[in-house]
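A.B. asks: Just need the structure, nothing else, for what follows:
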Amino acid sequence: MDWTLYIICFGIPLILGLAVQGWLRNTFAKNSRVPVGSGLTGADVARRILDGNGLQSVPVQPSKAGPLSDHYDPKSRGVFLSEAVYAGRSVAATAVAAHEVGHAIQHAQAYAPMRLRSAIWPVAAFGSQAWFFILFAGLIFGAFGLVQLALIVFSLVIIFQLVTLPVEFNASRRAMVQIRELRLVSDAEAVGARQTLTAAAMTYVAGALASIAQLLYFLAIFGRN
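C.D. replies: Residues are numbered from 1 along each chain as shown. So this is what the prediction gives:
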């Protein structure tokens, strides 16, 4: 095994990912302790932005999946917020709630990258679970065709991750525009909101870079055979 290549492709991305996750947790925790001047909960913020964009039919509901489980579900067309965000009256709660509503606005406006991400999601969801098993089977049985198939499937997962990046960054941009235009944050609070959204977005960047590094490692290893 080429340990130098392994450390570059696995060790460094792992450290980067852990650092970004720690940054996100610390940033969210810090801005969760900063009360927002509007006094609104995350649920209130989401409702105001939705209503302000003609999306009165989109519900805002608490998520039961735990901390940082906030998301917009395009199937049910609902915004789901974790407990800390749903009931929180902080800068972090305002930022995260606005971000998820950003996805709802993308959906309503048929934002092209979001449509593309939704289209390839079924393949990516299957591929993220199956590619390693296909690779393992190829190695066990000496079937290079299965190894190639595994790397192709993994490549599709990476494509999904890359398409996700503009979707997430655009949702954050929309969030900042909305909370400023609706005067849901002050100028000082907007700084904390942007910090929270930037930290969250960087987790997607770190994840994509880690996957690309892994793919390059496998291509380098199997390309020698």
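A.B. asks: And the pLDDT at the most centrally placed residue in the chain?
C.D. replies: Computing the C-alpha centroid of the chain and ranking residues by CA atoms, centre = their mean puts Tyr204 first, at 5.2 Å. Per-residue pLDDT puts Tyr204 at 96.
A.B. asks: wait, isn't it in contact with Ala171?
C.D. replies: No. Tyr204 lies out of contact with Ala171 (CB atoms under 8 Å); the separation is 10.8 Å. C-beta here means a position set from N, CA and C on the backbone, and glycine is covered the same way.
A.B. asks: still on that earlier bit, name the nearest residue to the residue nearest to the centre of the chain, sequence neighbours excluded.
C.D. replies: Excluding its sequence neighbours, the residue lying closest to Tyr204 (CB to CB, 6 or more residues apart in numbering) is Glu168, at 5.2 Å.
A.B. asks: quick one: stretch 168-181 to chain centroid distance?
C.D. replies: Between the centre of stretch 168-181 and the centre of its host chain there is 15 Å, according to CA atoms, centre = their mean, to the nearest Å.
A.B. asks: Flag every buried residue along it.
C.D. replies: With burial defined by 16 or more other CB atoms under 10 Å, the residues of stretch 168-181 counted as buried are 168-172, 174-176, 178-179.
A.B. asks: Going by distance to Val36, which of these wins?
C.D. replies: Each of the buried residues of stretch 168-181 was scored against Val36 by CB to CB, and Ile179 proved nearest at 9.4 Å.
A.B. asks: name the helices or strands packed onto whatever helix or strand the closest one lives in?
C.D. replies: Counting by DSSP states H and E, the element that carries Ile179 is helix 144-181. With contacts taken as 3 or more CB pairs under 8 Å, 6 or more residues apart in numbering; DSSP states H and E, helix 144-181 sits against helix 42-52, helix 91-108, helix 112-141, helix 187-223.
A.B. asks: CA atoms of the first one as PDB?
C.D. replies: C-alpha atoms of helix 42-52 as PDB (Å, rounded to 0.1, in the frame of the first residue of the first chain):
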ATOM      1  CA  GLY A  42     -37.200  29.900  13.700                       C
ATOM      2  CA  ALA A  43     -40.700  28.700  12.900                       C
ATOM      3  CA  ASP A  44     -41.900  32.300  12.900                       C
ATOM      4  CA  VAL A  45     -39.100  33.300  10.600                       C
ATOM      5  CA  ALA A  46     -39.800  30.500   8.200                       C
ATOM      6  CA  ARG A  47     -43.500  31.300   8.200                       C
ATOM      7  CA  ARG A  48     -42.900  35.000   7.500                       C
ATOM      8  CA  ILE A  49     -40.500  34.300   4.600                       C
ATOM      9  CA  LEU A  50     -42.800  31.700   3.100                       C
ATOM     10  CA  ASP A  51     -45.800  34.000   3.300                       C
ATOM     11  CA  GLY A  52     -43.800  36.900   1.900                       C
END
